[in-house]
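> Quick check, what structure comes out for this input:
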Amino acid sequence: MDATGPQGLSEAEKAIWNAISDSEEGKGGDEKAGKSEQSGKSKKRPYAGMERVGVGVGVSKRCKGGKNRSGKWGGGEREGEISRVIKTLIKEGCAISDRIEFCLDENEGGIFAREDINQGTLLVRIPEHLSIAPEYNYRPERVIKSKVLSFLKQAKELSQFEKTLVHLLHVINTPESPFHSLFLKLLPKSFNTPMNWTKDQKDLVKGTELESSILNDATDEVFKSRVKPKLDEASQALGWKKDVDFELFQWAASVICTRGYHNGSNGPYLLPLIDQFNHSSTVNHTKLNVCNGVFFHIANIDIKKGEQIYTSYGDFSNSQLLHTYGFVEEDNPLKYVSLQAHEIYKSVTKILCASDDQIPEAEEDIKKRIQMAVECKWISDTKRYVFSSKDLTVIPEELLLAISLCFIDDE
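Numbering: from 1, shown residues only. Modelled structure (predicted):
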């Protein structure tokens, strides 16, 4: 899920963007803004219809079957927990519209319109430093000394995903703020994504494109050989008391995969309450924007009272939605099939080879041919070829060329 920058904003969004930029300039903007408001000397904030004291922000138990990230929370105390999170967020410089309410359900959440909402209305605003992320570009002075952020800044060998993973695991072990402790209580206890399926469940999708995606998910063996050593190093440096086993890693990785947002090449970010927006491929009420370390959602269109407010996690087919988020859409218009290039070459190799002994040599030959085609710019260096739903009878030219190269005689 990607946040949009200034180039993608409407005139109404630009006005809010400029107001936020003026009042939140530089590091520690949220603290400075809070102090100036208390002294009565603050600039006018872009909070029309926004609640800053926690009164009027709705928490509802209803739910209308939103297409949300897979997960089960367990227990019936989320109403009180989400209310506490809202109050804490507001104290920390967030703004939450009094025109929205948060739906609570045992299995899924959602955000609804309590009143009619006009296009351009700011729905929710959350500073970057309240997220769980690889690093912060804007943060108050009190956050700069964070032990985990100092570690992540020096951990050049970790990927962005691994940094967010370490940050989340650190919050679990030694939360550096009461807010993060509350945030953890709002996260699902379990997930229904393929990463968490049993072997029997995975066997049900054999022969489908989902099978190849599942094969790339981290297994217990991959975790022990590649991931665990990095986490052990982080644990020692940060003084974690709880050992990270595969079960905890699997849960934390599922949280990030299903709830992580990206801002261009930055991220993934775990954004409290913003992650309650459900997905729709056909209805797009709002989108995530970012400006100077502030994430915010604005209404793209007018929203009627009682409507669920949908965003889009991206242009994903049902197979991709199921693999990443654990759900599918009956009305998903993005019906295409992804074929991984290595699968195609593997199939071609089996056709070309009379015996299994010839396969290694044939695979090496095919790799050289494809690499030559990439260098000559006949085909792009891509890992996937996509068949569009508009015309499934037409095979992409690059795919035809790649297959043809595999069958051409050396002479």
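
> show me where pLDDT drops low in the stretch 51-200 of the chain?
51-79, 104-108, 138-145, 176 (pLDDT under 70).

> do that again at 90, thanks
51-95, 102-110, 127-130, 135-150, 153, 174-189, 192 (pLDDT under 90).

> ok, which stretches of it are strands?
With strands called from DSSP state E, counting those that start in this stretch, the stretch 51-200 of the chain shows them at 58-60, 95-97, 100-103, 110-113, 122-127.

> The ones you listed into a markdown table, with extra columns for distance to L215 and mean neighbour count?
In short, each C-beta sits where N, CA and C put it, glycine included. A markdown table is the format used below for the strands of the stretch 51-200 of the chain (distance: least, C-beta to C-beta, whole Å; neighbours: other C-beta atoms under 10 Å):
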| stretch | distance to L215 | mean neighbour count |
| --- | --- | --- |
| strand 58-60 | 41 | 17 |
| strand 95-97 | 41 | 24 |
| strand 100-103 | 36 | 22 |
| strand 110-113 | 33 | 23 |
| strand 122-127 | 36 | 25 |
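
> now the ones you listed as CSV including distance to P188?
Converted to CSV, the strands of the stretch 51-200 of the chain look like this (distance: least, C-beta to C-beta, whole Å):
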stretch, distance to P188
strand 58-60, 18
strand 95-97, 21
strand 100-103, 15
strand 110-113, 14
strand 122-127, 20
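
> out of these, nearest to I403?
Closest to I403 of the strands of the stretch 51-200 of the chain is strand 110-113 (C-beta to C-beta; 44.9 Å).

> which helices and strands does the closest one pack with?
Judged by 3 or more C-beta pairs under 8 Å, 6 or more residues apart in numbering; DSSP states H and E, strand 110-113 is in contact with strand 100-103.

> Can you show me the CA trace of the strand it packs on as CSV?
The C-alpha coordinates for strand 100-103 follow below in CSV (Å, rounded to 0.1, in the frame of the first residue of the first chain):
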residue,chain,number,x,y,z
ILE,A,100,-16.1,9.0,11.3
GLU,A,101,-16.5,6.0,13.6
PHE,A,102,-14.5,2.8,14.0
CYS,A,103,-16.3,-0.4,13.6
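
> Just list whatever residues bridge to the spatially closest residue to T286 that is not a sequence neighbour.
Counting by C-beta to C-beta, 6 or more residues apart in numbering, H297 is the residue found nearest to T286 once chain neighbours are left out, at 4.7 Å. For H297, the beta-bridge assignment (DSSP bridges) gives partners V124, L288.

> Verify the stated contact: H297 with N289.
Yes. Using C-beta atoms under 8 Å, H297 is in contact with N289, at 7.4 Å.
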